[in-house]
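Colleague: After the sequence you'll find the predicted model.
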Amino acid sequence: MSRPPTARAEKAPAREIQLSPDEIAWARSMVIYEDADLLALNKPSGLSSQGGRGQVHTLDELLFAFAKPGKARPRLIHRLDRDTSGVILTAKTKPAASALGKAMMARRFGKTYLAVVAPGAPDPREGLIDKPMRREEIGREAYMRICAVDAQGAETAQSRYRTLSATPVAALVELSPKTGRMHQLRVHMASIGRPIAGDVRYGGALSLGGQTCSRLMLHAVALDVPLAGGERLRITAPPPADMSDFCAALGLETPAF
């Protein structure tokens, strides 16, 4: 799920991260769009956007691969969950970061995701999920839970969904969040009895139709970006091979992007 970075996360690290040639090449291989102000990447599943634990670099740190001598690296405009793949946007200049950050907070971005859910198609096959949620912590782990509108810590959360392809076992759905809460799409789909495949945290299946689900089957396929002057830019990233192969094995037809 996509959400703006926290104020603390927007600050640059105290020191420049030293990347290996392989890490630099890997970071650059993710680029799907670039201009004077913007840099968009196709983040793989398993890579933390920010704040990862352990010795593996986060995407935020890998952005040093694009830093010019004496200048800051690009800045993340939003984040994706560690196990979500797809389009993630960065700004190469401070003015662009400021303008895009304000547009993100004002919900002027359009976000489109693909997800495999089970069992079968949601009922109805498309609609709006309007269910508030709040954050809960269990040990070191954070969760989002559906809650009453007047519950303490409740936040408005809205997600649109549309079934693209379905079998009795699973369905491929298009998801469009109207708000940007942590884990929003994952919690909303679970709340209507169609958790996303591979989502252990919220009840997703690890195997469907005899096919092992190797990771969270959630992909940020498109980002509609507001530009100066009222123009808009649509950036897309086709589903990765593991997700396309999983869909094909289940008899789900994936759209072309």
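Modeller: Happy to help now that I have it.
Colleague: Can you give me every residue that contacts the closest residue to A151 other than its chain neighbours?
Modeller: In space, and not counting its chain neighbours, A151 is closest to R134: 6.1 Å by CB to CB, 6 or more residues apart in numbering. The way it works is simple: take the backbone N, C-alpha and C, and place the C-beta from them, glycine included. By CB atoms under 8 Å, 6 or more residues apart in numbering, the contact set of R134 is M144, R145, C147, A151, Q152, G153, A154, E155.
Colleague: Assumed the fourth one was part of a helix.
Modeller: No: the secondary structure assignment for A151 gives coil rather than a helix, going by DSSP: H, G, I helix; E, B strand; the rest coil.
Colleague: does it really touch M133, like I thought?
Modeller: No: the pair A151 / M133 is not scored as a contact, 9.3 Å apart, by CB atoms under 8 Å.
Colleague: Of these two, which one has the most company?
Modeller: Taking other CB atoms under 10 Å, A151 and M133 do not tie; M133 has more neighbours (24 against 13).
Colleague: Quick one, which of the contacts of R134 are buried?
Modeller: Neighbour-count burial (16 or more other CB atoms under 10 Å) is assigned, among those, to M144, R145, C147, E155.
Colleague: Give me the distance between the second one and R201.
Modeller: Here R145 is placed at a distance of 11 Å from R201 (CB to CB, to the nearest Å).
Colleague: Give the closest residue to Y202 in space, chain neighbours not counted.
Modeller: Per CB to CB, 6+ apart, closest to Y202 is A190, 4.3 Å.
Colleague: Let me see the contact set for the one you found.
Modeller: I196, D199, Y202, G203, G204.
Colleague: Please name the residues that touch D37.
Modeller: A91, K92, T93, P95, A96.
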